[in-house]
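In: sequence unknown, structure follows:
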């Protein structure tokens, strides 16, 4: 299928007819269609020419494994590493230059490919990295949940039939007026990096449900369709297409589960976050939910979705690093408990963070101990340094009552600039109640009820076939049901507002 892996030689075009890109950018629109498209490759996080620092990290890791990276010399970017499986190499006629391979990969013939762009690292190397426990950028997922349907399309001969699928939902979370769309960036990244590894194929083979022709097809799988979507952060409404996928039948089917799990989760959390932020009436809301999230990814991507929904920052450092979200946080009760006295704990914290000192005042007694000690720290420790106490946090008790008393105590001490923050299992309903009671609160930390959308934990997004294309004509398709709400809206649609 791939006659030669030397696309930018004399012809200046690859076997797919692509001209070399002006520059190579990882998983970007410009790079998605360039390079050796027909080869068994996955993007390992970027170009090795400085256009994406993730590529440098991958480069460093591979060098530690003993691999030699060399510049392509044929065009502007720097080539990655190409590797092909022995058992499949006879099916191709690659023109490659053999170079030094990692010592650990004794059974892996590695080749330097003059044609590959934007940091291509082929599957065998990606698998070897996993075996060597070398950290690298995630290259995607290999969904098997839709494999049975995909196999049917493959066997029936209509796998290449152009179809249209809509992703939509039927009911707003919490019976609200709208939802907030999120998750598109991760979806696109997953689809661009979507591949089936040798390990995936071996697992599918072990199920004894698929023939070898289908498994060979999956080894070369690449999504070639088009995706039309709302912008992230857009208010959306039931029964309108948030995403429309136009693709070959088999490709549209294979991405279904990945699409739904990505968009359903982040749209749910973004919607919940926006409801909370609305009730805060302009007061900052911080996302504090990582420890109650349903898994690592839920914590990190939930924080991203919450930021899209309007929160001011997150306590989840991984989300701050990955998505440039402001990271916030205060002391824990255990910190206060670790000292002989609350005053000593507050003093130590103030000396460590004089410019960002927020004291947790409810470890022992909020009004008799916590707030008085906070006032002492502000007067005796921070003010002599030319610094100001930034705030106090309430995490238990009757927060409305305590906030009013604390505010009065701070004001009498001349600390009118000190803010009061509240946490403790808050959600939009509790925040509304607190403010209706006249609580003297300047910001909120919201955790478990936001990060899992406790009051409405499911975003009911579905993915339905709405049309097929034959001879250039779009033919609408509809699903009929005795449940009226499950009757689909047929046809290829555009949303106007």
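Out: All right, it came through fine. Every value quoted in this text rests on a predicted model; they were computed, and no experiment measured them. Numbering: from 1, shown residues only.
In: so which residue of the chain lies furthest out from the middle?
Out: The C-alpha centroid of the chain is most remote from residue 412, which lies 46.7 Å away (C-alpha atoms, centre = their mean).
In: where's that one relative to residue 231, distance?
Out: 49 Å (C-beta to C-beta, to the nearest Å). Bear in mind the C-beta positions are built from the backbone N, C-alpha and C, glycine included.
In: re earlier: quick one, phi psi at the residue farthest from the centre of the chain?
Out: phi -60, psi -30 (degrees, to the nearest 10).
In: cool, residue 198 as well?
Out: Dihedral pair for residue 198: phi -60, psi -40, per degrees, to the nearest 10.
In: residue 458 sits in which helix or strand?
Out: Using DSSP states H and E, residue 458 maps to neither a helix nor a strand.
In: residue 355: what's it in contact with?
Out: 387, 390 (C-beta atoms under 8 Å, 6 or more residues apart in numbering).
In: quickly run through the sheet partners of the longest strand seen in the chain, with directions.
Out: The residue-count maximum for a strand in the chain (DSSP state E) belongs to strand 461-470. Here strand 461-470 has these sheet partners by DSSP bridges: strand 162-169 (antiparallel), strand 473-476 (antiparallel).
In: would you indicate which residues of the strand or helix carrying residue 217 are buried?
Out: Assigned by DSSP H and E, residue 217 belongs to helix 212-219. For helix 212-219, the neighbour count (16 or more other C-beta atoms under 10 Å) marks 214, 215, 217, 218, 219 as buried.
In: again, but for stretch 227-246
Out: In stretch 227-246, counting by 16+ other C-beta under 10 Å, buried: 227-230, 232-234, 236, 241-246.
In: cool, stretch 478-488 as well?
Out: residue 488.
In: what does it contact?
Out: So stretch 478-488 is contacted by 166, 170, 464, 465, 466, 489, 490 (C-beta under 8 Å, 6+ apart).
In: re earlier: pick out the most distant pair among the buried residues of stretch 227-246.
Out: 233 and 246 (23.7 Å; C-beta to C-beta).
In: tell me the angle the helix ranked longest in the chain makes with strand 162-169.
Out: Longest among the helix segments of the chain by residue count, using DSSP state H, is helix 256-279. Counting by axes from the mean of the first three to the mean of the last three C-alpha atoms, to 10 degrees, helix 256-279 lies at 30 degrees to strand 162-169.
In: what packs against the helix or strand following helix 256-279?
Out: Next in sequence after helix 256-279, counting helices and strands by DSSP H and E, comes strand 285-287. Applying 3 or more C-beta pairs under 8 Å, 6 or more residues apart in numbering; DSSP states H and E, one finds that strand 285-287 makes contact with helix 256-279, helix 296-309, strand 313-314, strand 443-446.
In: could you dump these into CSV and include mean pLDDT, distance to residue 399 and mean neighbour count?
Out: Listed next are the helices and strands packed on strand 285-287 as CSV, based on pLDDT from 0 to 100; distance: least, C-beta to C-beta, whole Å; neighbours: other C-beta atoms under 10 Å:
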stretch, mean pLDDT, distance to residue 399, mean neighbour count
helix 256-279, 97, 15, 24
helix 296-309, 97, 21, 24
strand 313-314, 97, 20, 25
strand 443-446, 97, 10, 25
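In: export these to TSV and tack on distance to residue 459?
Out: Listed next are the helices and strands packed on strand 285-287 as TSV, based on distance: least, C-beta to C-beta, whole Å:
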stretch	distance to residue 459
helix 256-279	4
helix 296-309	10
strand 313-314	20
strand 443-446	18
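In: which of those sits closest to residue 376?
Out: Residue 376 lies closest to strand 443-446 among the helices and strands packed on strand 285-287, at 23.0 Å (C-beta to C-beta).
In: next secondary structure element downstream of that closest one?
Out: In N-to-C order, the element after strand 443-446 by DSSP H and E is helix 448-451.
In: give the contact list for residue 405.
Out: With contact taken as C-beta under 8 Å, 6+ apart, residue 405 is in contact with 367, 371.
In: my guess is it is in a helix, correct?
Out: Yes: Residue 405: assigned to a helix according to DSSP: H, G, I helix; E, B strand; the rest coil.
In: low-confidence stretches in the stretch 101-250 of the chain?
Out: Scanning the stretch 101-250 of the chain for pLDDT under 70 picks out 101-146.
In: the closest residue to residue 233 other than its chain neighbours and residue 430, how far apart?
Out: In space, not counting the residues next to it along the chain, residue 233 is nearest to residue 308; the distance is 5.0 Å by C-beta to C-beta, 6 or more residues apart in numbering. Per C-beta to C-beta, residue 308 is found 23 Å from residue 430.
In: swap in residue 153?
Out: Residue 153 is 49 Å from residue 430, by C-beta to C-beta.
In: quick one: residue 442 and residue 421 touch, right?
Out: Yes: applying C-beta atoms under 8 Å, one finds residue 442 in contact with residue 421, separated by 6.5 Å.
In: neighbour-wise, which of these two wins?
Out: With neighbours defined as other C-beta atoms under 10 Å, residue 442 and residue 421 compare such that residue 421 has more, 23 against 14.
In: mind listing what that one touches?
Out: By C-beta under 8 Å, 6+ apart, the contact set of residue 421 is 286, 330, 358, 391, 392, 393, 394, 441, 442, 443, 444, 445.
In: now, which of those residues sits nearest residue 402?
Out: Closest to residue 402, out of all of the contacts of residue 421 and judged by C-beta to C-beta, is residue 394, at 5.4 Å.
In: what does the model give residue 33 for pLDDT?
Out: For residue 33, the pLDDT comes out at 39.
In: whoops, residue 37 was the one
Out: 32.
In: coming back round to it: can you put the buried residues of helix 212-219 in a markdown table and add distance to residue 379?
Out: Shown next, in a markdown table, are these (distance: C-beta to C-beta, whole Å):
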| residue | distance to residue 379 |
| --- | --- |
| 214 | 75 |
| 215 | 73 |
| 217 | 73 |
| 218 | 69 |
| 219 | 70 |
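In: with the residues you listed in mind, which one is nearest to residue 268?
Out: Within the buried residues of helix 212-219, proximity to residue 268 (C-beta to C-beta) peaks at residue 218, which comes in at 30.7 Å.
In: show the contacting residues for the closest residue to that closest one other than its chain neighbours.
Out: The shortest distance from residue 218 to any non-neighbouring residue, by C-beta to C-beta, 6+ apart, is to residue 196 (4.3 Å). Contacts for residue 196 were tallied using C-beta under 8 Å, 6+ apart; they are 142, 204, 218, 219, 221.
In: wasn't residue 196 part of a strand?
Out: No: with three-state DSSP as the criterion, residue 196 is assigned coil and is not in a strand.
In: dihedrals phi and psi, the nearest residue to residue 226 once chain neighbours are set aside?
Out: Leaving aside its chain neighbours, residue 226 sits nearest to residue 246 (4.6 Å; criterion: C-beta to C-beta, 6+ apart). Residue 246 adopts backbone torsions of phi -110, psi 110, taken as degrees, to the nearest 10.
In: cool, thanks, talk later.
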